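**Student:** need a 3D model of the sequence below.
(one chain, ligands or ions: 2)
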Amino acid sequence: MGASQGLNMNKVHMMNKVQIRHLGKVFDGGKPVTALENINLDIRDNEFVTLVGASGCGKSTLLRILGGLEYRSSGELDSNGQPVNGPGADRAMVFQHYSLYPWLTVMENIKFSRKLRAKRGDMSSADVEAASGRADALLRLIGLSSAAHAYPNQLSGGMQQRVAIARALMSRPAILLMDEPFGALDAQTREVMHDLILHVHRIEKTTIVFVTHDVEEAIYLGQRVVLMAPRPGRIDTIYDVPLPARREQDMKHAPEFLAMKKQILARIRDTSGMATDGDLLERLNLQAAA
Ligand SMILES: Nc1ncnc2c1ncn2[C@@H]1O[C@H](COP(=O)(O)OP(=O)(O)O)[C@@H](O)[C@H]1O
Ligand SMILES: [Mg+2]
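**Tutor:** Ligands and ions are numbered 1, 2, ... in the order given. Predicted structure coming up:
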């Protein structure tokens with residue numbers, strides 16, 4: 001009995017790639033800022049979760065804590081079944097700025113991630129060969145095989161960000177953490193990148209946590225959209241996206257997509273204390289009258 005119960009417990013635990021319990025973060029400065037308060041969230045294996053919310057609601061802070069780049073002030077956080085106490089090979093991050101090494105080619109950038117560079121001294125020739133095979137496969141995955149020997153400054157922003165994604169995937173992380181990765185790209189490139197990252201998610205079977213302030217992006221990519229609210233930074237609502245697993249651009253015009261977009265935008269307005277158009281008009285009128 002006891003043993004089988006233990007097994008079940010393990011199974012439940014393994015299904016959650018990320019488990020966040022009562023997590024809090026206070027930045028101590030002159031005036032302490034509660035960036036996150038009582039965050040609770042379970043993320044399943046191979047799930048694609050998007051985090052949205054007004055600027056300053058703690059999205060980046062939460063992602064950096066998941067990545068081990070920032071300490072939590074309270075609560076518990078497990079990744080891949082282990083408590084998070086710093087960066088780890090199970091988690092990789094991609095940021096808005098491409099951060100490739102300008103003096104290395106695309107292929108070299110992908111192969112020699114910081115972690116692999118650190119270990120290069122003790123890599124056997126079999127390891128090096130395996131790394132090359134993996135790098136080739138990733139280049140194909142991101143559609144840049146023909147640019148293998150180009151340098152980053154010869155590539156468009158979208159292409160550079162594809163390379164950054166491939167580099168993050170090189171060490172086969174279980175969890176990919178992305179902070180507004182397409183925020184600097186134009187609208188057409190962003191659409192292409194959306195379909196690319198969905199393809200990567202299907203093929204690589206990673207779990208993805210993706211931060212954005214763009215509600216349409218959050219719905220199109222996410223299986224669940226986690227809406228955060230500011231002051232203090234917290235989770236307000238979690239939405240299950242009512243779209244088929246396999247996303248297509250046309251779905252952005254579907255009634256259920258538009259309804260969810262409207263609902264989330266309204267909720268962001270309600271929770272962020274942002275002035276509504278009515279408030280603004282009233283204030284302008286008052287100013288004009290004064
Ligand atoms: N290093 C820091 N020191 C002090 N306050 C910070 C720091 N980083 C973030 N904050 C504050 O924490 C809150 C959440 O910030 P952030 O996570 O960047 O929000 P978001 O990514 O949702 O825009 C904000 O009030 C921000 O000013
Ligand atoms: Mg941010």
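**Student:** what does the stretch 1-150 of the chain put close to ligand 1?
**Tutor:** Taking CB under 6 Å from any ligand atom as the criterion, the stretch 1-150 of the chain approaches ligand 1 at residues 27, 29, 33, 35, 53, 55, 56, 57, 58, 59, 60, 61. Using the backbone N, CA and C atoms, a C-beta is placed for each residue, glycine as well.
**Student:** which of these are buried?
**Tutor:** If you count burial by 16 or more other CB atoms under 10 Å, the buried members of those come out as 33, 35, 53, 57, 58, 59, 60, 61.
**Student:** tell me which of those residues fall in helices.
**Tutor:** Within those, residues falling in helices by DSSP state H are 59, 60, 61.
**Student:** mind listing the helices for the stretch 101-250 of the chain?
**Tutor:** 106-111, 114-119, 125-141, 157-169, 187-204, 215-221 (DSSP state H, counting those that start in this stretch).
**Student:** so which of the ones you listed comes closest to residue 148?
**Tutor:** The minimum distance between residue 148 and these falls on helix 106-111, with 4.3 Å, by CB to CB.
**Student:** gap between residue 44 and residue 211?
**Tutor:** In this structure, residue 44 and residue 211 are separated by 18 Å, where distance is defined by CB to CB, to the nearest Å.
**Student:** out of those two, which sits in the more crowded spot?
**Tutor:** Under the criterion of other CB atoms under 10 Å, the comparison of residue 44 against residue 211 puts residue 211 first, with 25 against 14.
**Student:** and the more buried one, what are its bridge partners?
**Tutor:** Using DSSP bridges, the bridge partners assigned to residue 211 are residue 51, residue 179.
**Student:** hang on, it packs against residue 179?
**Tutor:** Yes: with contact defined as CB atoms under 8 Å, residue 211 reaches residue 179; the gap is 4.7 Å.
**Student:** any residues in contact with both of the two?
**Tutor:** Common contact partners of residue 211 and residue 179 (CB atoms under 8 Å, 6 or more residues apart in numbering): 59, 60, 63.
**Student:** now do the second one, the pLDDT please.
**Tutor:** If I follow you right, that is residue 60. Each residue has a pLDDT score; the one for residue 60 is 97.
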